[in-house]
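Participant: Just to be clear, the model below is a prediction. Sequence and coordinates:
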Amino acid sequence: MLDTIVTAAAPSPPVIDDAALARAAAEGDTRAYERIYRRHSPRLYALLWRLCGGNAARAEDVLQETFIQAWRKLPQFRFESALATWLHRLAVNTALMELRAATFESLDIGESGMDVLAEMADTPRCHATGMDLERALLTLPPRARAVLVLHDIEGWKHQEIAVELQMAVGSSKAQLHRARSLLRTRLGDA
């Protein structure tokens, strides 16, 4: 006969889906809302960090504003899409409002950006590394960066980008072309 000790494992907390959490949070349950935040904030922060040009403080501010808006708007959430999709769109809209409020000319690459590029050129690197791509992405002008992130990373269509950034579809396409060209140049591709 086998002598074994069997111990009862602590029951794991039940997995609650987003819809149930959203309904509870909409009724004022702060613990449910905290679970929503913990579940979705890492992915949203990564997106916002890119949209904010790698500025961590700015991305954190936009993330905080996103979740403040979400808390206020949850009672109106109609469950026509997944909660993650709704939060994603809310985060992008909040970031784009931040970008619209800034003057794009003052945030353009300018002299300090040229110093960053000079340092990048002196750094030995493999042209295909993600780190180089992230660094190069941060040096793009904000509007071009926003279009590139939304189109190439997030999968938005030019029509959606044009509406959100309040530009013509052709301008969205031109900004994407500009961003890709700048990235190729900055990464050393011919």
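Facilitator: In hand now; what should we look at?
Participant: Can you list the low-confidence ranges for this protein?
Facilitator: For the chain, the stretches flagged by pLDDT under 70 are 1-15, 101-131, 189-190.
Participant: Kindly report the domain assignment for it.
Facilitator: Split into domains by automatic domain parsing, the chain comes to 18-101, 108-186.
Participant: now the longest helix along the chain, how far from the chain's geometric center?
Facilitator: Identified as the longest helix of the chain according to DSSP state H is helix 30-51. Helix 30-51 has its C-alpha centroid displaced from the chain centroid by 10 Å (C-alpha atoms, centre = their mean, to the nearest Å).
Participant: residues touching the residue nearest the centre of the chain, list them.
Facilitator: The residue lying closest to the centre of the chain (C-alpha atoms, centre = their mean) is Leu47, at 1.4 Å. By C-beta atoms under 8 Å, 6 or more residues apart in numbering, the residues touching Leu47 are 88, 91-92, 95, 149, 153-154. (Each C-beta comes from the backbone N, C-alpha and C, glycine too.)
Participant: out of the residues you listed, which are buried?
Facilitator: Neighbour counting with 16 or more other C-beta atoms under 10 Å marks 88, 91-92, 95, 149 as buried within those.
Participant: which one of the residues you listed is nearest Ala22?
Facilitator: His88 (14.0 Å; C-beta to C-beta).
Participant: From Leu47, how far out is that closest one?
Facilitator: Using C-beta to C-beta, to the nearest Å, one gets 7 Å for the distance from His88 to Leu47.
Participant: and if you look at Ala82?
Facilitator: 16 Å.
Participant: now do Leu99
Facilitator: From Leu99 to Leu47 the distance is 13 Å (C-beta to C-beta).
Participant: Likewise for Leu137?
Facilitator: In terms of C-beta to C-beta, Leu137 sits 13 Å off from Leu47.
Participant: shared neighbours of those two, which are they?
Facilitator: Common neighbours of Leu137 and Leu47 (C-beta under 8 Å, 6+ apart) are Val149.
Participant: In terms of helices and strands, where is the closest residue to Ala19 other than its chain neighbours?
Facilitator: Distances taken as C-beta to C-beta, 6 or more residues apart in numbering put Phe79 closest to Ala19, at 6.1 Å, once the chain neighbours are dropped. Phe79 is part of no helix or strand, with elements assigned from DSSP states H and E.
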